[in-house]
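In: Here is the input, now give the coordinates:
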Amino acid sequence: MPSSASFSASEAGQAPAYAVTGSAGSAEKVAWLTDELGFDAAYDYRDGDLVGQLGTVLDGRRIDVYFDNVGGDHLEAAIEHMADFGRIAACGAIATYDATEPPPGPRNLTRVVQRRLSMTGFIVTDHRDAASEFYRTVGGWLAEGKLVARETYVDGLDRAVEAFLGLGTGGNTGKMLVRL
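Out: Numbers count the residues shown, from 1 in each chain. Take a look at the predicted model:
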């Protein structure tokens with residue numbers, strides 16, 4: 001389930017020393033991550049066994065930095081594959097947004113201690129002081145074609161609820177927009 005944050009994370013990770021891995025909810029979206037966005041590897045989380053799939057695409061490597069906007073079983077899988085002293089940046093937990101009861105937390109939190117992990121939550125409004133620089137930099141990257149953005153459009157205000165619900169079912173690739 002790529003988002004605009006995924007674009008930034010993949011672009012930032014393209015330094016030679018890093019590999020960028022992601023997950024998406026369909027074979028088409030996995031291909032988008034690897035073929036268009038330049039991720040080194042990706043897998044379809046709807047195929048199940050996230051710990052196993054992530055281990056396969058990591059191919060023996062461990063995760064140094066994990067950007068989490070899903071939570072739940074995705075976070076649990078990432079924790080299982082974190083490197084010693086790895087860092088987790090948490091900015092969302094979409095896996096829990098529609099829960100009617102609090103879902104269980106990751107069952108492997110002992111790995112946080114064993115591997116001496118750091119996990120920090122953040123909200124974009126914590127960094128308002130950097131907004132101008134961000135818009136200048138990222139705006140330039142978009143204008144130069146260095147960032148790839150995909151948008152899904154639903155036509156008509158009367159379909160806004162449909163568009164919103166599509167966010168939770170994978171009905172979009174990239175940003176979901178309602179065209180008036």
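In: as a whole number, average confidence for the helix or strand where residue 132 lies?
Out: Taking DSSP states H and E as the criterion, residue 132 maps to helix 131-144. Across helix 131-144, pLDDT averages out at 92.
In: Any buried residues in it, and which?
Out: Under the neighbour-count criterion of 16 or more other Cβ atoms under 10 Å, helix 131-144 has residue 138 buried. Where you see a C-beta, it was placed from the backbone N, CA and C, and this is true even at glycine.
In: For the top strand by length along the chain, which strands pair with it and how are they oriented?
Out: As assigned by DSSP state E, the longest strand anywhere in the chain is strand 82-90. Sheet pairing for strand 82-90, assigned by DSSP bridges, gives strand 63-68 (parallel), strand 118-121 (parallel).
In: just the helices in this protein please.
Out: Assigned by DSSP state H, the chain shows helices spanning 4-12, 27-31, 50-58, 72-80, 110-114, 131-144, 160-169.
In: For the third one, enumerate the helices and strands it packs against.
Out: To tie it back to what came earlier, the one meant is helix 50-58. Judged by 3 or more Cβ pairs under 8 Å, 6 or more residues apart in numbering; DSSP states H and E, the packing partners of helix 50-58 are strand 21-24, strand 41-44, helix 72-80.
In: quick one: low-confidence ranges for the chain?
Out: 1-17 (pLDDT under 70).
In: As a quick check, tell me the outermost residue of it.
Out: residue 158 (29.4 Å; Cα atoms, centre = their mean).
In: rewinding a little: just put the helices and strands packed on helix 50-58 in JSON lines and tack on mean neighbour count and distance to residue 54.
Out: Written out in JSON lines, the entries for the helices and strands packed on helix 50-58 read as follows (neighbours: other Cβ atoms under 10 Å; distance: least, Cβ to Cβ, whole Å):
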{"stretch": "strand 21-24", "mean neighbour count": "24", "distance to residue 54": "7"}
{"stretch": "strand 41-44", "mean neighbour count": "20", "distance to residue 54": "7"}
{"stretch": "helix 72-80", "mean neighbour count": "21", "distance to residue 54": "5"}
